[in-house]
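[1] Kindly return the folded structure for what I paste below:
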Amino acid sequence: MRIHLIAIGGAVMHNLAIALKNNGHQVTGSDDQIFEPSRSRLDGHGLLPESMGWEESRVTDEIDAVILGMHAREDNPELKKAQELELSVYSYPEFIYQQSLEKERIVIAGSHGKTTITSMILHVLKKLEMDFDYLVGAQIEGFETMVRLSDAPLIILEGDEYLSSPIDRRPKFHLYDPHIALISGIAWDHINVFPTFENYLEQFEVFIDQMKEGSILTYCQADETLDETVYEYGQHLNLRPYETPGYSIENGKSFIERGGERVEVSVFGEHNLQNLNGALMVCAAIGTDDDEFYEAIKDFKGAARRLEEIGRNDNTVVYKDFAHSPSKLHATVKAVKKQWPNRKLVACMELHTFSSLTKEFLLEYDGTMNEADAAIVFFKEETLAQKRLDPISTDEVKSAFGRSDIEVFTSSEKLKDRLEQIELANSNLLLMSSGNFGGIDVDAFGKALIN
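    Next comes the predicted model:
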């Protein structure tokens with residue numbers, strides 16, 4: 001097939017392009033800007049567009065399929081040309097679904113933890129030498145791409161609730177029609193497309209309700225909102241709830257209590273241990289046994305930027321995390337503090353997404369950093385302007401988080417200076433952002449702080 005990807009530079013889109021080329025398809029793409037690591041990876045596979053921008057001439061009647069990324073706009077000239085030529089135009093979840101019609105589809109959904117759970121399942125299945133396809137929202141150790149499409153009998157899909165494309169306003173996870181699904185939890189996010197919690201919740205109600213009768217749904221029963229939603233909309237399904245497993249912590253290591261024995265795991269925090277239990281349930285539904293799962297999961301290191309350790313010495317660990325929504329932020333801060341109760345925790349987060357920089361939604365952050373001994377928040381005033389949002393003041397941020405001692409910065413240089421001044425002996429540093437703190441190389445900076 002000849003396939004053209006509009007907005008090829010996206011995290012999933014560029015991985016899909018690579019996977020399709022590896023499968024022997026003729027792949028082209030376009031974008032108006034492509035950042036690292038997408039740029040280097042596309043270039044390495046000969047898929048980097050010769051020039052940035054949109055050009056109608058790239059779209060001809062010889063193309064078999066166009067895949068439209070969310071970064072493109074509804075009036076994109078290449079999209080308009082494809083529509084004029086009546087070419088087949090897909091969002092990437094729609095295209096993935098079409099490629100998986102003959103497979104058993106496993107979908108991992110939820111406001112938080114879905115990337116980690118999907119990564120755990122992929123890690124276990126690979127160690128058990130099972131044949132499977134997948135789509136996951138982060139780079140995972142041992143996997144070349146975030147997408148694989150082959151003739152494997154099953155596919156594991158991270159089911160994002162965000163919109164599918166500029167011309168398909170359905171949430172991505174509504175398009176997959178799973179045989180087995182997991183929902184990790186429900187906490188309001190994406191206020192730009194789901195302006196109320198009720199509107200956001202409705203997307204999960206629809207997802208559960210439209211699953212075929214008898215399909216397997218495993219879900220975190222510890223989440224009260226999710227538990228109530230499943231009870232109301234999921235009675236036609238094979239329901240398999242999970243909770244937090246019994247566990248203990250010793251010297252910064254977590255152990256799951258299992259039938260009189262303790263199994264050491266590399267992930268930590270109640271939220272991640274719930275994730276592990278959910279992954280166990282999904283693997284069991286696929287056909288693995290618990291002993292195989294626990295043996296395989298022992299060396300799971302996590303997905304990129306999900307409580308990822310970037311440096312340590314004898315008395316300090318520096319972590320980075322993708323946490324940006326209130327529920328993710330709270331769970332991550334709590335996890336690190338509980339794992340290292342005798343160490344001071346310095347938690348630093350960036351308000352970066354549309355939701356987090358909206359005054360109404362900002363109030364959802366109340367109390368989310370209370371477990372940290374020192375709390376720092378960063379945001380770029382330019383980002384507010386770019387997203388066409390009302391200005392917010394440092395005082396409004398302090399009030400929203402509910403901590404009078406919280407420090408707020410709008411300059412990345414001043415933030416770096418402040419972090420360099422902090423004595424980190426017998427302390428841990430947690431850096432949380434879906435961005436990069438205004439251009440800071442987080443890995444290099446974190447390592448330098450403890451070296």
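[2] Strands along the stretch 301-450 of the chain, start to end?
    Ranges of strands within the stretch 301-450 of the chain are 308-312, 316-321, 344-350, 374-378, 407-409, 427-432, based on DSSP state E, counting those that start in this stretch.
[3] and the angle from the last one to strand 374-378?
    Meaning strand 427-432. Going by axes from the mean of the first three to the mean of the last three C-alpha atoms, to 10 degrees, strand 427-432 is angled at 30 degrees with respect to strand 374-378.
[4] Same question for the first one.
    Orientation of strand 308-312 against strand 374-378 (the same axes, to 10 degrees) gives an angle of 120 degrees.
[5] Contacts for strand 308-312 next, please.
    For strand 308-312, contacts defined as C-beta atoms under 8 Å, 6 or more residues apart in numbering pick out 302, 317-321, 442-443, 446-447, 449-451. Every C-beta, even on glycine, is put in place using the N, C-alpha and C of the backbone.
[6] 6 Å - rerun?
    318-320, 443, 446-447, 450 (C-beta atoms under 6 Å, 6 or more residues apart in numbering).
[7] who wins for most neighbours among those residues?
    Val318 (25 neighbours; other C-beta atoms under 10 Å).
[8] Quick check: that one touching Leu429?
    Yes. Using C-beta atoms under 6 Å, Val318 is in contact with Leu429, at 4.6 Å.
[9] How much space separates the nearest residue to Gly53 once chain neighbours are set aside from Ala82?
    The spatially closest residue to Gly53, leaving aside those adjacent along the chain, is Asp32, at 5.6 Å (C-beta to C-beta, 6 or more residues apart in numbering). Separation of Asp32 from Ala82 (C-beta to C-beta, to the nearest Å): 17 Å.
[10] by contact count, what packs against the helix or strand harbouring Ile117?
    Per DSSP states H and E: Ile117 is located in helix 114-127. Applying 3 or more C-beta pairs under 6 Å, 6 or more residues apart in numbering; DSSP states H and E, one finds that helix 114-127 contacts strand 104-109, strand 154-158, helix 270-286, helix 290-297.
[11] Comparing Asp32 and Ala82, which shows the higher neighbour count?
    Applying other C-beta under 10 Å to Asp32 and Ala82 shows that Ala82 carries more neighbours, namely 24 against 14.
[12] part of a helix, is the more buried one?
    Yes. Under DSSP: H, G, I helix; E, B strand; the rest coil, Ala82 falls within a helix.
[13] If I follow the layout properly, Ile180 ends up in contact with Ile106?
    Yes. Ile180 is within contact range of Ile106, at 4.5 Å (criterion: C-beta under 6 Å).
[14] ok, the two, which is more surrounded?
    Ile106 (26 against 22).
[15] Report the beta-bridge partners for the more buried one.
    Ile156, Ile180 (DSSP bridges).
[16] State the pLDDT value of it.
    As predicted, Ile106 sits at a pLDDT of 98.
[17] ditto for Gly446
    92.
[18] Contact partners for Ala347?
    Contacts of Ala347 (C-beta under 6 Å, 6+ apart): 333, 369, 372, 375, 430.
[19] Make JSON lines out of the residues you listed and add pLDDT.
    Compiled in JSON lines, those are given as follows (pLDDT from 0 to 100):
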{"residue": "Val333", "pLDDT": "94"}
{"residue": "Met369", "pLDDT": "95"}
{"residue": "Ala372", "pLDDT": "96"}
{"residue": "Ala375", "pLDDT": "96"}
{"residue": "Leu430", "pLDDT": "95"}
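[20] now the helix or strand just after the helix holding Ile117: mean pLDDT?
    Following helix 114-127 in sequence order, the next helix or strand is strand 133-135 (DSSP H and E). For strand 133-135, the mean pLDDT works out to 97.
[21] How far does strand 133-135 sit from its chain's centre?
    Centre-to-centre, strand 133-135 and its host chain are 15 Å apart (C-alpha atoms, centre = their mean, to the nearest Å).
[22] picking up where we left off before, could you list the alpha-carbon positions for the helix holding Ile117 in PDB?
    C-alpha atoms of helix 114-127 as PDB (Å, rounded to 0.1, in the frame of the first residue of the first chain):
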ATOM      1  CA  LYS A 114      -2.700   3.100  31.100                       C
ATOM      2  CA  THR A 115       0.800   3.500  29.600                       C
ATOM      3  CA  THR A 116       2.400   1.700  32.600                       C
ATOM      4  CA  ILE A 117      -0.100  -1.100  32.600                       C
ATOM      5  CA  THR A 118       0.200  -1.600  28.800                       C
ATOM      6  CA  SER A 119       4.000  -1.600  29.200                       C
ATOM      7  CA  MET A 120       3.800  -4.200  31.900                       C
ATOM      8  CA  ILE A 121       1.700  -6.500  29.800                       C
ATOM      9  CA  LEU A 122       4.000  -6.100  26.800                       C
ATOM     10  CA  HIS A 123       7.000  -6.800  28.900                       C
ATOM     11  CA  VAL A 124       5.500 -10.000  30.300                       C
ATOM     12  CA  LEU A 125       4.200 -11.300  27.000                       C
ATOM     13  CA  LYS A 126       7.600 -10.700  25.300                       C
ATOM     14  CA  LYS A 127       9.400 -12.600  28.100                       C
END
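[23] Name the residues that touch it?
    Under C-beta under 6 Å, 6+ apart, the answer for helix 114-127 is 108, 132, 134, 136-138, 140, 156, 158, 184, 275, 278-279, 282-283, 293, 296-297, 300, 303, 306.
[24] so what's the residue of the chain positioned farthest from its centre up against?
    Largest separation from the mean C-alpha position in the chain: Asp61, at 35.8 Å (C-alpha atoms, centre = their mean). Counting by C-beta under 6 Å, 6+ apart, Asp61 makes contact with Leu85.
[25] Repeat the analysis, applying 8 Å as the threshold.
    85, 87.
[26] Ok, the one 10 residues further on next?
    Listed by C-beta under 8 Å, 6+ apart, the contact partners of His71 are 7, 9-10, 13, 31.
[27] ok now the lowest-mean-pLDDT helix or strand in the chain, how far from the chain's centre?
    Every helix and strand of the chain was ranked by mean pLDDT, DSSP states H and E. The lowest is helix 381-386, at a mean of 84. Relative to its chain's centre, helix 381-386 lies at 23 Å (C-alpha atoms, centre = their mean).
[28] Can you pull the phi and psi angles for Asp168?
    phi -130, psi 100 (degrees, to the nearest 10).
[29] bridging residues for it?
    Applying DSSP bridges, one finds that Asp168 bridges with Ser165.
[30] Relative to Ser30, how far out is it?
    For Asp168, the distance to Ser30 (C-beta to C-beta) stands at 19 Å.
[31] between these two, which one's more packed in?
    Between Asp168 and Ser30, counted using other C-beta under 10 Å, the more crowded position is Ser30 (25 against 18).
[32] give the contact list for that one.
    4-8, 49, 53-55, 58, 78.
[33] out of the residues you listed, which are inside helices?
    Glu78 (DSSP state H).
[34] and the contacts of Ser30, which of them are in strands?
    Taking DSSP state E, the ones among those that sit in strands are 4-6.
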